[in-house]
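K.L.:
sequence and predicted structure, then a few things I'm wondering about:
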Amino acid sequence: MTKLSTDNRQHKAKLKTKNNNPKSTIRNPKSKKSMSRIYIEDLSKHVGEEVAIHGWLYNKRSSGKIRFLVVRDGTGVLQCVMVKQNLSEEIFNTFDALTQESSFSVTGKVKAEPRSPGGFEMEVSDVKIIHVAKEYPITPKEHGVEYLIDIRHLWLRSSRQHAIMRVRHEIIRAIREFFDNRGFLLMDAPIFTPAACEGTSTLFATDYFDLGKAYLTQSGQLYGEAGAMAFGKVYVFGPTFRAEKSKTRRHLTEFWMVEPEVAFNDLNDNMELAEEFLEHIVQSVLKNRQTELKTLERNTTFLEKVKKPLPKISYEEAVDILRKKGNAFEYGNDFGAADETIISGEFDQPLIVHRYPTEVKAFYMKRDPQNPKLALAMDVLAPEGYGEIIGGSQREDDYDALLSRIKEHNLPQEAFEWYLDLRRYGSVPHAGFGLGVERTVSWICGLEHVRETIPFPRMIYRLTP
RNA sequence: UCCAAAGUAGCUCAAUGGUAGAGCAUCCGGCUGUUAACCGGAGGGUUGUAGGUUCGAGUCCUACCUUUGGAGCCA
């Protein structure tokens, strides 16, 4: 019933536009020698000029003879004022046909307007409808995340999602800038791999011609190590895949990870690189994305404190903190999400925890010469309960030690022969870490869930859109 | 895989075991400065599915389905 009436209205709207342009309902806004077209973000340079904006209807309001169109063009939002006595009836009535998210181009004079949120307003002289949208499923009122995530392709048009995606973009830009400025080579690792990189996680399998199964990568690190031996310092930046049935606000099955790897670095160098890296990322966002952080109502007090040096404690000291807090934590276990929150709650900066028991860490991590029961590993825990955002280590560079680790973990030696080669031909101490992009975005934006940090999240029960 | 919670109008939510409602959205009307505009009116429901208890079930019971949160694993 509702559908019918909408269709009717669309039909009417089509008829109206047809009168303007007999060829097609979809008009090319550039076809007419129109005003110079600008983006909303550049409005300040065009005050007093007659310009055109191409965009979509964000919202509209009417007070009878004065009407307001709120247009968004992807770079911002602008309120356009239609005054009846200044416009022909035909143009004034385009207001009625425009539904939420209809596309159109609007022409008029730009005015500075202190009452408007962006500081500018447009006095409309002409409106050209491009396409009348059907009833839009996202209304200006509240919606649940469950509903919105099903229409993620449309949800991305809303202001909050714009802010998150712009912060994500800034984080990725800062990551690349940081490594590029330090002479790192960006080295892409393969997505298809013959075996588990770390041997533990469940992987996504796929048929690979006559070669049997291929698996989607869960880390580019081993390839990064080959890169470090070839180029000295590299970073791998790509998607990674985990088939574990993790159902939490911190997990996706497909997520992005950046993994630097540096030859001749030890654990201390690695921790220093990580803290400088985090400082650069957070300070870049604070510097370049204040508007977005404001939209997200992010309290930036903690973010401003992200500067070198970050606090560093050993696994043992972390266990002590847990015990002092009355937590019956057993030495030798890995920290759960609740433990991480307690430990990081003691600090107001990201916290580096180093030297974990070898049993809870991966086979390729070098053992501490001072205490062979410990791995030269490091994790960075974000404050405010956001958990682990970085995991890294100094790698085992001794051939015999690495081989026995591979055997202890029951890994297929043939698959790791190339990796062992790195210890056969000019082995050197080296270290690296991986940073989860989505968890970092989630932390910096202050979000409830990582699913909002990636344009199209992949989770156990979600493969669409 | 395990534990827990939730499914009622397009959306967000109400409704002691006793006639299923509101706000937003949609449609019709009004308004010359609105700001998630406002005011008046209208349409809109197999209460996730299948059984059961009861004079009577949206509400109680059982199973299943779907989604969400958490655990484990991890970034």
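P.N.:
Looks like it came in fine.
K.L.:
from now on I want contacts and neighbour counts done on CA atoms only, so please keep to that.
P.N.:
Will do.
K.L.:
pLDDT below threshold where in the stretch 101-250 of chain A?
P.N.:
Residues of the stretch 101-250 of chain A meeting the criterion pLDDT under 70: A:195-201.
K.L.:
how about the strands in it?
P.N.:
Taking DSSP state E, counting those that start in this stretch, the strands of the stretch 101-250 of chain A run over residues A:103-112, A:120-131, A:185-186, A:192-193, A:205-207, A:213-216, A:233-241.
K.L.:
distance to residue A:166 and mean neighbour count for the ones you listed - can I get that in a markdown table?
P.N.:
Shown next, in a markdown table, are these (distance: least, C-alpha to C-alpha, whole Å; neighbours: other C-alpha atoms under 10 Å):
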| stretch | distance to residue A:166 | mean neighbour count |
| --- | --- | --- |
| strand A:103-112 | 23 | 21 |
| strand A:120-131 | 22 | 22 |
| strand A:185-186 | 22 | 18 |
| strand A:192-193 | 30 | 17 |
| strand A:205-207 | 33 | 13 |
| strand A:213-216 | 28 | 19 |
| strand A:233-241 | 19 | 23 |
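K.L.:
any chance of those strands in a markdown table, with distance to residue A:334 too?
P.N.:
Putting those into a markdown table (distance: least, C-alpha to C-alpha, whole Å) gives the following:
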| stretch | distance to residue A:334 |
| --- | --- |
| strand A:103-112 | 53 |
| strand A:120-131 | 54 |
| strand A:185-186 | 32 |
| strand A:192-193 | 27 |
| strand A:205-207 | 28 |
| strand A:213-216 | 26 |
| strand A:233-241 | 22 |
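K.L.:
take these and write them to TSV, including distance to RNA strand B.
P.N.:
Output for those, formatted as TSV (distance: least, C-alpha to the nearest atom of the strand, whole Å):
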stretch	distance to RNA strand B
strand A:103-112	10
strand A:120-131	7
strand A:185-186	18
strand A:192-193	17
strand A:205-207	16
strand A:213-216	14
strand A:233-241	8
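K.L.:
wait, which of those strands is closest to residue A:367?
P.N.:
strand A:233-241 (22.3 Å; C-alpha to C-alpha).
K.L.:
show me what contacts residue A:61?
P.N.:
Residue A:61 is in contact with A:67-69, counting by C-alpha atoms under 8 Å, 6 or more residues apart in numbering.
K.L.:
ok, it to RNA strand B distance?
P.N.:
In this view, residue A:61 and RNA strand B are 5 Å apart by C-alpha to the nearest atom of the strand, to the nearest Å.
K.L.:
tell me the mean pLDDT for the helix or strand where that residue lies?
P.N.:
Using DSSP states H and E, residue A:61 maps to strand A:50-62. For strand A:50-62, the mean per-residue pLDDT is 94.
K.L.:
could you confirm whether the helix or strand just after that strand reaches RNA strand B?
P.N.:
Going down the chain from strand A:50-62, the next helix or strand is strand A:66-72, by DSSP H and E. Yes. Judged by C-alpha under 7 Å from any atom of the strand, strand A:66-72 comes into contact with RNA strand B through A:66, A:68.
K.L.:
again with stretch A:281-299
P.N.:
No. Using C-alpha under 7 Å from any atom of the strand, stretch A:281-299 stays clear of RNA strand B, with a minimum separation of 12.6 Å.
K.L.:
quick one: distance of that stretch to the chain centre.
P.N.:
14 Å (C-alpha atoms, centre = their mean, to the nearest Å).
K.L.:
can you get me the start-to-end distance on that stretch?
P.N.:
17 Å (C-alpha to C-alpha, to the nearest Å).
K.L.:
need the contact partners of stretch A:94-102.
P.N.:
A:9-10, A:12-13, A:56-60, A:67, A:69, A:127, A:129-136.
K.L.:
quick one, which of those residues are buried?
P.N.:
Listed as buried from the contacts of stretch A:94-102 are A:9-10, A:13, A:56-60, A:67, A:69, A:127, A:129-135; burial here means 16 or more other C-alpha atoms under 10 Å.
K.L.:
okay, and the beta partners of the residue lying closest to residue A:432 once chain neighbours are set aside?
P.N.:
Closest residue to residue A:432 apart from its sequence neighbours, by C-alpha to C-alpha, 6 or more residues apart in numbering: residue A:261 at 4.2 Å. Residue A:261 forms beta bridges with residue A:234, residue A:432, as assigned by DSSP bridges.
K.L.:
I figured residue A:261 hits residue A:434, correct?
P.N.:
No. In this structure, residue A:261 is not within contact of residue A:434 by C-alpha atoms under 8 Å, at 9.0 Å.
K.L.:
tell me, what's touching the two both at once?
P.N.:
What both residue A:261 and residue A:434 touch, as defined by C-alpha under 8 Å, 6+ apart, is the set residue A:221.
K.L.:
mind listing the helices for the stretch 201-350 of chain A?
P.N.:
Using DSSP state H, counting those that start in this stretch, the helices found in the stretch 201-350 of chain A span residues A:221-231, A:267-288, A:290-295, A:301-304, A:315-324, A:337-344.
K.L.:
for RNA strand B, what are the nearby residues on the stretch 101-250 of chain A?
P.N.:
So the stretch 101-250 of chain A meets RNA strand B at A:115-117, A:121, A:135-137, A:139-147, A:200-201, A:242, A:244-250 (C-alpha under 7 Å from any atom of the strand).
K.L.:
may I see the PyMOL selection of the buried members of those residues?
P.N.:
This is the PyMOL syntax for the buried subset of these, where burial follows 16+ other C-alpha under 10 Å:
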select buried, chain A and resi 121+135+242+250
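K.L.:
re earlier: and which of the contacts of residue A:61 is nearest RNA strand B?
P.N.:
Nearest to RNA strand B among the contacts of residue A:61, counting by C-alpha to the nearest atom of the strand, is residue A:68 at 5.2 Å.
K.L.:
list the contacts of that closest one.
P.N.:
Contacts of residue A:68 by C-alpha under 8 Å, 6+ apart are A:60-62, A:79-82.
K.L.:
out of those residues, which is most surrounded?
P.N.:
Each of those was scored for neighbours by other C-alpha atoms under 10 Å, and residue A:82 scores highest at 25 neighbours.
K.L.:
please identify the most buried of the helices of the stretch 201-350 of chain A.
P.N.:
helix A:221-231 (a mean of 21; mean count of other C-alpha atoms under 10 Å).
K.L.:
helices or strands up against that helix?
P.N.:
strand A:233-241, strand A:254-263, helix A:417-424 (3 or more C-alpha pairs under 8 Å, 6 or more residues apart in numbering; DSSP states H and E).
K.L.:
can you redo those as TSV with distance to residue A:193?
P.N.:
TSV is the format used below for the helices and strands packed on helix A:221-231 (distance: least, C-alpha to C-alpha, whole Å):
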stretch	distance to residue A:193
strand A:233-241	11
strand A:254-263	15
helix A:417-424	13
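K.L.:
out of the ones you listed, which comes closest to residue A:451?
P.N.:
strand A:254-263 (10.0 Å).
K.L.:
so that closest one versus strand A:233-241, what angle?
P.N.:
Interaxial angle, strand A:254-263 versus strand A:233-241 (axes from the mean of the first three to the mean of the last three C-alpha atoms, to 10 degrees): 160 degrees.
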